[in-house]
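Engineer: Can you look at this prediction? I've put the sequence above it.
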Amino acid sequence: MVLLCADAPSTEVQVPGFVIVVNKANPVKMLPLVEVRRIFMKQSRMWPHAEPMVPVDWESTSEIRQMFSKQVLNRSVREMAEYWVQQSMTQGIAPPSTQRSARAILRFVAGVPGAISYVPPGDVDDTVNVVAIK
């Protein structure tokens, strides 16, 4: 479920519970929700500035991962596991790597130029950039 923010322009989508973060060197400031989905399903692989996209997920048991899967990927974590088995067998594509905490995710995203992930809004620090979702 995606909620429109009542006091924001109608083109901006507020996704409660998390924000999308990228490496500081990434010039991207806004992404359509459908593109975020494509990145985390590894259907999009290169940033417009020619950097490889490196999506990073949370562990499958985390609440934020379950929320992200439902709201952005439109699938449960279990359905995504099945998707990755199929992708691995048919395309040779592995799922995004995972991290256990917001701190680990922020450290990874800060250290990898093409990295993209999601964290609770209160955990964002100045080592990464937040990307608006439209």
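Structural biologist: Looks like it arrived, so ask away.

Engineer: Tell me which stretches of the chain form strands.
Structural biologist: Here the chain has its strands, by DSSP state E, at 3-4, 13-14, 19-23, 30-31, 54-58, 97-99, 115-119, 128-133.

Engineer: tell me the mean pLDDT over the longest helix out of those in the chain?
Structural biologist: The longest helix of the chain (DSSP state H) is helix 77-91. The average of the pLDDT scores along helix 77-91 is 96.

Engineer: Kindly report the same for stretch 99-107.
Structural biologist: Mean per-residue pLDDT for stretch 99-107: 96.

Engineer: And the contacts of that stretch?
Structural biologist: With contact meaning CB atoms under 8 Å, 6 or more residues apart in numbering, stretch 99-107 is reached by 21, 56-59, 62, 108, 117-120, 123-125, 127-128. Bear in mind the C-beta positions are built from the backbone N, C-alpha and C, glycine included.

Engineer: Could you provide the strands of the chain in TSV, with additional columns for mean neighbour count and distance to Ala81?
Structural biologist: Listed next are those as TSV, based on neighbours: other CB atoms under 10 Å; distance: least, CB to CB, whole Å:
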stretch	mean neighbour count	distance to Ala81
strand 3-4	10	27
strand 13-14	16	26
strand 19-23	23	22
strand 30-31	16	24
strand 54-58	21	11
strand 97-99	16	12
strand 115-119	25	18
strand 128-133	18	24
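
Engineer: Format those as JSON lines; extra columns: distance to Trp84.
Structural biologist: Compiled in JSON lines, the strands of the chain are given as follows (distance: least, CB to CB, whole Å):
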{"stretch": "strand 3-4", "distance to Trp84": "28"}
{"stretch": "strand 13-14", "distance to Trp84": "26"}
{"stretch": "strand 19-23", "distance to Trp84": "20"}
{"stretch": "strand 30-31", "distance to Trp84": "22"}
{"stretch": "strand 54-58", "distance to Trp84": "10"}
{"stretch": "strand 97-99", "distance to Trp84": "11"}
{"stretch": "strand 115-119", "distance to Trp84": "17"}
{"stretch": "strand 128-133", "distance to Trp84": "23"}
